[in-house]
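Participant: Next one to model:
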Amino acid sequence: MVNLTYDESGEIVYYDAATDTSTVYNIGDIAFIITAMALVWLMIPGVGFFYSGLLRRKNALSMIFTSLASIAVVSFQWFFWGFSLAFAENASPFIGTLRYFGLKGVLDAPSIGSTRIPALLFCIYQCMFAIITAALAVGAIAERGKLGPILVFIFIWTTIVYDPVACWTWNGNGWSFVLGGLDFAGGTPVHIVSGTAALAISVYLGKRRGYGTERLAYKPHNTTYVVIGTVFLWFGWFGFNGGSALSANLRAVQACIVTNLAASVGGLTWMLWDYRIERKWSAVGFCSGAISGLVAITPASGYVGSPAAVLFGVLGGTICNFATQLKFVLGYDDALDIFATHGVGGIVGNLLTALFAQASVAGFDGFTEIPGGWLDHNYIQLAYQIADSVAGFAWSFGVTTIILWVMHFIPGLRLRASEDAEILGIDDAEMGEFAYDYVGLEQEIGHSTDTSAVKSSVRTSNEKVPEPQPAES
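Facilitator: Numbers count the residues shown, from 1 in each chain. From the prediction side, this is the model:
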């Protein structure tokens, strides 16, 4: 039985009999966070469409499927023990407990994130963050990963990689939170963690067939998918950053303003960098830059003013653009540049937060107090941000690598697809379905495969549609 009533103005009142105190929940705040939660959910298929459009068509459906599979697996994990491991009030500085196992006791009490919303609402809102982090990371299996083992990987990875980092960043007992690290909406738990995990997955899986040759010098097969994915992401990011205020207030509005501004400037910046080489106005370049700007502004969105957001967009778009060359320098095959965009972009955002965070902006909600960053002469903040970034990077890369190699030696859980499956296409080899009615292997000139070596659908991806025959007179 919930301990809720309504006052004369229609607001929800929670009464705690143990402490004889009452908490008022504003129904506008509740409605706002419910909407923000739905917006963040929309970002997840946005990731799938964005990734799908960047690949070859024979692998397009697998990326959309992976994003939806992340919703299912992480939603169960979050119910099972994920929320408790991240946000139990009796957590250690590193990870939570099983106090809320199976969401037992998560109901009408004020949430650990904000007393302005109940714990149940905070739980489902934070669930969306856990889901999208996993969806971003597992995009690294693009064109060469098995879909069955990735479901197991997502559950394990969310439990022992994402949950501890979310705990130490956002839980009041977490070591980074206590230290004074500033991360408004997920620079480390979402972006550094997912980008670094993608790097570890890319290193483990090795290079795709034809890496370094003309065969992989392909353009995105569906730029419209890339644009649609960007639209979903950009739109949803207002709930991602704005909703992290956990209340419908001026700080949430400011977060939306800097989010939109950083995305806009980031898109223009990346596009201009690409224009200097191709002398073409690239839609893919613009979309990549917009995502980079969004990533960079994420940890700072509740702490910085609008002028700073322009710099976040410029530096996010620039540094992430040049970071795409790291895979050639270091010799790994990150097909979707996840590390360059999210890993590097998250680090850029964290460090810039130390420079431009302002106590006055954080106070837009009327109650948050922080010492600020360099603009407020709080120079130690940079050390806190570096410590948090390095810890997130090291934990994600190290533990992800361990998970991958443990699974490698368990029958049926090896993540790397066979060479025949890679040539045929993950859609056909792993799913027996396609994003489109027909996918031809002829696009990969020089490749041949015995499709009998791979379980294929009724219409295999190298089966031509018969041409109509003229009618007999």
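Participant: Secondary structure class of the spatially most central residue of the chain, three-state.
Facilitator: For the chain, the residue nearest the mean C-alpha position is T133 (3.6 Å; CA atoms, centre = their mean). Under DSSP: H, G, I helix; E, B strand; the rest coil, T133 falls in the helix class.
Participant: Now do the same for it: its pLDDT.
Facilitator: Looking at T133, its pLDDT stands at 98.
Participant: got a list of what it touches?
Facilitator: Contact analysis of T133 by CB atoms under 8 Å, 6 or more residues apart in numbering lists T158, Y162, G186, P189, V190, V193, S194. For glycine as for every other residue, the C-beta is placed from the backbone atoms N, C-alpha and C.
Participant: for A166, same thing?
Facilitator: Residues in contact with A166, defined by CB under 8 Å, 6+ apart, are A86, F87, Q126, F129, A130, P189.
Participant: From D388, how far off is the second one?
Facilitator: So the one you mean is F87. To D388, F87 is 18 Å away according to CB to CB, to the nearest Å.
Participant: what about those two, which has more around it?
Facilitator: More neighbours surround D388 than the other of F87 and D388, with 30 against 27 (other CB atoms under 10 Å).
Participant: Surely the more buried one is in contact with G180?
Facilitator: No - assessed by CB atoms under 8 Å, D388 is found out of contact with G180, at 9.6 Å.
Participant: What is the burial count for P93?
Facilitator: Other residues near P93 come to 14 when the count uses other CB under 10 Å.
Participant: Apart from its chain neighbours, what residue comes closest to it?
Facilitator: Residue nearest to P93 in three dimensions, not counting chain neighbours: W175, with 3.9 Å by CB to CB, 6 or more residues apart in numbering.
Participant: Double-check the one you found against W168; I have them as touching.
Facilitator: Yes - using CB under 8 Å, W175 is in contact with W168, at 5.1 Å.
Participant: In the stretch 351-473 of the chain, where is pLDDT below threshold?
Facilitator: Where the stretch 351-473 of the chain drops to pLDDT under 70, the residues are 438-473.
Participant: in the protein, which spans are strands?
Facilitator: 4-6, 12-16, 21-25 (DSSP state E).
Participant: Name the strands paired with the shortest one and say parallel or antiparallel.
Facilitator: Next to strand 4-6 in the sheet, as set by DSSP bridges, lie strand 12-16 (antiparallel).
Participant: Next, the angle strand 21-25 makes with the partner strand.
Facilitator: Orientation check (axes from the mean of the first three to the mean of the last three CA atoms, to 10 degrees): strand 12-16 against strand 21-25 gives 160 degrees.
Participant: what does strand 12-16 contact?
Facilitator: 3-7, 21-25, 27, 30, 108-110, 118.
Participant: in that strand, what's buried?
Facilitator: Buried residues in strand 12-16, counted by 16 or more other CB atoms under 10 Å: I12, Y14.
Participant: swap in stretch 102-121?
Facilitator: By neighbour count with 16+ other CB under 10 Å, stretch 102-121 contains the buried residues 103, 106, 108-119, 121.
Participant: Would you mind measuring from N260 to V295?
Facilitator: According to CB to CB, N260 stands 14 Å off from V295.
Participant: Looking at those two, which one has more neighbours?
Facilitator: Between N260 and V295, counting by other CB under 10 Å, V295 is the more crowded of the two (33 against 20).
Participant: Please name the spatially closest residue to that one (chain neighbours excluded).
Facilitator: Closest to V295 by CB to CB, 6+ apart is G345, at 3.5 Å.
Participant: now T23
Facilitator: Distance criterion CB to CB, 6+ apart; nearest residue to T23, sequence neighbours excluded, is Y14 at 4.5 Å.
Participant: repeat for T318
Facilitator: Using CB to CB, 6+ apart, the closest residue to T318 is T269 (5.7 Å).
Participant: And G236, by the same measure?
Facilitator: Leaving aside its chain neighbours, G236 sits nearest to M43 (3.5 Å; criterion: CB to CB, 6+ apart).
Participant: Run a quick neighbour tally on that neighbour.
Facilitator: For M43, the neighbour count with other CB under 10 Å is 26.
Participant: For P118, see how far away Y15 is.
Facilitator: The spacing between Y15 and P118, counted by CB to CB, is 13 Å.
Participant: picking up where we left off before, list only those of the contacts of A166 flagged as buried.
Facilitator: For the contacts of A166, buried by 16+ other CB under 10 Å: A86, F87, Q126, F129, A130, P189.
Participant: Between W175 and W168, tell me which one has more neighbours.
Facilitator: Shown here are W175 and W168; by other CB under 10 Å, W168 has more neighbours (28 against 17).
Participant: The more buried one is in contact with F87, isn't it?
Facilitator: No - if you go by CB under 8 Å, W168 and F87 don't touch, sitting 11.7 Å apart.
Participant: still on that earlier bit, format the contacts of T133 as TSV; extra columns: distance to F356 and pLDDT.
Facilitator: Putting the contacts of T133 into TSV (distance: CB to CB, whole Å; pLDDT from 0 to 100) gives the following:
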residue	distance to F356	pLDDT
T158	31	98
Y162	27	98
G186	18	95
P189	20	98
V190	20	98
V193	23	98
S194	24	98
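Participant: hmm, which two among those residues are most spread apart?
Facilitator: Using CB to CB, the pair of the contacts of T133 lying farthest apart is T158 and G186, separated by 14.1 Å.
Participant: Give me the more crowded residue out of the two.
Facilitator: Set side by side, T158 and G186 show more neighbours around G186, with 27 against 24, by other CB under 10 Å.
Participant: Contacts only, for the closest residue to that one other than its chain neighbours.
Facilitator: For G186, ignoring the flanking residues on the chain, the nearest one in space by CB to CB, 6+ apart is T298 at 5.5 Å. Contact analysis of T298 by CB under 8 Å, 6+ apart lists F184, A185, G186, G187, V190, H191, F240, N241, G346, G349.
Participant: Thanks a lot, catch you later.
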